[in-house]
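Novice: Model the structure of this input:
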Amino acid sequence: MGEVSPINQLYAEYRDKGFEFLTVYVREPHPAENYTEHRSWEQKLQYARDSRDQDNIQTPMVIDDLGGSMHSAYGEMPNMVYIIGKDGRIVYRSMWTDHQEVQSVLQDLVRMDEAAEKGERLRTSYTERLVITQGYGREVSEKVLGRAGPKAAEDMKAAFAARR
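Specialist: Okay, here's the model as predicted:
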């Protein structure tokens, strides 16, 4: 789980405006000594509870099955975001959580609802773009990797070294 507090802020701001928020726990993003790959459903439930408590996740949480069906179906990044419109269509999808971008989409959806209430018609369009992300800041990375165990930090370091 990335940095959750901005999502909690968005949840607090938008839940009373007709939005539902769900956090989906799919897998352990950096398995190591303390938090291994899931070996049983009970273990996965416990890890999800730990994640909720340690990251102060305030949104309702859904837990993917042990085989990761939801994770496979919706993209295999651990920090994806989907926003689904009232008509059931995906209006936003991102491989990595960008809180400011999520807020912008939510603001647009509120604006559309307000316009519809006034009988105004707004035109929608589709945009696709490449976004360069830096990932977590040092503090979040140390928290996430430290929680998992020393092997997680070693694996991450090796992965970045292999990219050079």
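
Novice: Just give the number of residues close to residue 86.
Specialist: Each residue near residue 86 was counted by other Cβ atoms under 10 Å, and the total is 11. Any C-beta I mention is one placed from the backbone N, CA and C, and that applies to glycine too.

Novice: ditto for residue 130
Specialist: Based on other Cβ under 10 Å, the number of other residues close to residue 130 is 4.

Novice: helix/strand/coil for it?
Specialist: Look at residue 130: counting by DSSP: H, G, I helix; E, B strand; the rest coil, its state is coil.

Novice: dump the residue contacts of it.
Specialist: When contacts are counted by Cβ atoms under 8 Å, 6 or more residues apart in numbering, residue 130 touches no other residue.

Novice: Relative to residue 96, how far out is it?
Specialist: Spatial separation of residue 130 from residue 96 under the definition Cβ to Cβ, to the nearest Å is 12 Å.

Novice: go on, residue 118?
Specialist: Distance of residue 118 to residue 96, given as Cβ to Cβ: 35 Å.

Novice: got it, and residue 37?
Specialist: Here the distance between residue 37 and residue 96 works out to 22 Å (Cβ to Cβ).

Novice: which SSE is residue 82 in?
Specialist: Using DSSP states H and E, the element containing residue 82 is strand 81-84.

Novice: any idea of the mean pLDDT in the helix or strand following that strand?
Specialist: For strand 81-84, the following helix or strand on the C-terminal side (DSSP H and E) is strand 90-94. Confidence over strand 90-94, taken as the mean pLDDT, stands at 91.

Novice: and strand 90-94, which residues are buried?
Specialist: 91-92, 94 (16 or more other Cβ atoms under 10 Å).

Novice: Stretch 26-39 too?
Specialist: Counting neighbours by 16+ other Cβ under 10 Å, one finds that the buried residues in stretch 26-39 are 26, 28-32, 35, 38.

Novice: could I get the residues you listed as TSV with pLDDT, distance to residue 153 and secondary structure?
Specialist: Putting the buried residues of stretch 26-39 into TSV (pLDDT from 0 to 100; distance: Cβ to Cβ, whole Å; DSSP: H, G, I helix; E, B strand; the rest coil) gives the following:
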residue	pLDDT	distance to residue 153	secondary structure
26	93	21	coil
28	88	14	coil
29	83	13	coil
30	86	8	coil
31	90	12	coil
32	91	8	coil
35	93	13	coil
38	94	20	coil
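
Novice: Alright, that wraps it up for me.
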